[in-house]
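Engineer: Just a sequence and a predicted model for now, questions to come.
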Amino acid sequence: MDSLINLGITLISILVIAIFYYFFHALFFGIFNLIFGIKERKIWLTKSDFFYAILTLVIWMFSYLLVNLKSQVGWLEPKILHDNIFKVTIFSIIIFFAIDLIEYGIHFAYHKVSWLWKFHKVHHEPTSLNWPKAIRLSLFEAFTTSFIINCILLFFFGNNYLLIISIAFSIKRFYGLFLHSNTDLDYGFLSSFISSPRFHHWHHSISVKQPANLSNLFSIWDKIFGTFYGEGSEIPKEYGINPEEK
């Protein structure tokens, strides 16, 4: 009985945190949009945005809790990470780049593998972009991607560092919201190394055959693997799924 009560409290807490997280970003990007947003594109948050965003956030946190129960599955914890802070820092940077590459690979698979695309296309259905569209994901994609990443982090960092590293990746997730925001910010020549909002907006363009501009943070992966479309000279005019890919 107590375990059921604790489970209920945990699930309610996750939901409350997800809602708080959502409204914090809604406030931030609301102000951000007033300053940097594309004025002729007045994009309001919808009930659909809220539903998908909250659902994705809950699934992310739930997958984190599942992975954090590592004592029951016996994950290995490399002793190198317990030696000194210098090794932890260097290893963290390496893993950060590796995870970004893995996310690129997962994203590529969701576009190229037909049965995975059925789950991913919900992310590409909107005909306009704003920050919560970043977490408009199917339950399957939200859970599997988060679970895989958290498993990798746990395997290499163990519980001692998992929370700290997860916070770092929360910042990376914030950048994903920024990439979907209603803004036309570009980085010029730096776009060959770092994804910009305009760079990612072209990933959602109805006129660009996918996959293109798949990178979440480091656009160098698109350069290396031949999916680089670039920033273009302006932001796309139409968004959605290319008719050939439906």
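Structural biologist: Perfect, thanks for sending it. Numbers count the residues shown, from 1 in each chain.

Engineer: Low-confidence bits of the chain, can you list those?
Structural biologist: Per-residue confidence for the chain (pLDDT under 70) gives these ranges: 1-8, 42-44, 68-84, 157-166, 246.

Engineer: for Tyr187, what are its contacts?
Structural biologist: For Tyr187, the contacting residues are 194, 196, 199, 231, taking C-beta atoms under 8 Å, 6 or more residues apart in numbering as the criterion. Every C-beta, even on glycine, is put in place using the N, C-alpha and C of the backbone.

Engineer: Just the buried subset of these, written out for PyMOL, thanks.
Structural biologist: Buried residues among these (16 or more other C-beta atoms under 10 Å), as a PyMOL selection:
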select buried, resi 196+199+231
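
Engineer: List the ones among the contacts of Tyr187 that fall in helices.
Structural biologist: Helix and strand membership here follows DSSP state H; of the contacts of Tyr187, those in helices are Phe199.

Engineer: Check the contacts of Tyr187 and tell me the two furthest apart.
Structural biologist: The distance between the two most remote of the contacts of Tyr187 (C-beta to C-beta) is 11.0 Å, for Ile194 and Glu231.

Engineer: thinking again about what came up before, any chance of the contacts of Tyr187 in CSV, with distance to Lys223 too?
Structural biologist: Output for the contacts of Tyr187, formatted as CSV (distance: C-beta to C-beta, whole Å):
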residue, distance to Lys223
Ile194, 11
Ser196, 14
Phe199, 12
Glu231, 13
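
Engineer: nearest to Phe108, of the contacts of Tyr187?
Structural biologist: Nearest to Phe108 among the contacts of Tyr187, counting by C-beta to C-beta, is Phe199 at 16.1 Å.

Engineer: Which residues lie in contact with that closest one in this structure?
Structural biologist: If you count contacts by C-beta under 8 Å, 6+ apart, Phe199 has them with 179, 186-187, 191, 213, 219, 230-231.

Engineer: where exactly do the helices run in the protein?
Structural biologist: Ranges of helices within the chain are 2-36, 47-68, 85-112, 114-124, 139-179, 197-201, 220-225, based on DSSP H.

Engineer: among those, which is the most enclosed?
Structural biologist: Each of the helices of the chain was assessed for mean neighbour count using mean count of other C-beta atoms under 10 Å. The highest is helix 197-201, with a mean of 23.

Engineer: Any idea how far it is from the middle of the chain?
Structural biologist: When C-alpha coordinates are averaged (C-alpha atoms, centre = their mean, to the nearest Å), helix 197-201 and its chain have centres 14 Å apart.

Engineer: Also stretch 184-202?
Structural biologist: For stretch 184-202 - counting by C-alpha atoms, centre = their mean - the centre lies 16 Å from the chain centre.

Engineer: Same check on stretch 222-241?
Structural biologist: Between the mean C-alpha position of stretch 222-241 and that of its chain there is a distance of 18 Å (C-alpha atoms, centre = their mean).

Engineer: For that stretch, buried residues please.
Structural biologist: Neighbour-count burial for stretch 222-241, with 16+ other C-beta under 10 Å as criterion, is recorded at 222, 227-232, 235-236, 239-241.
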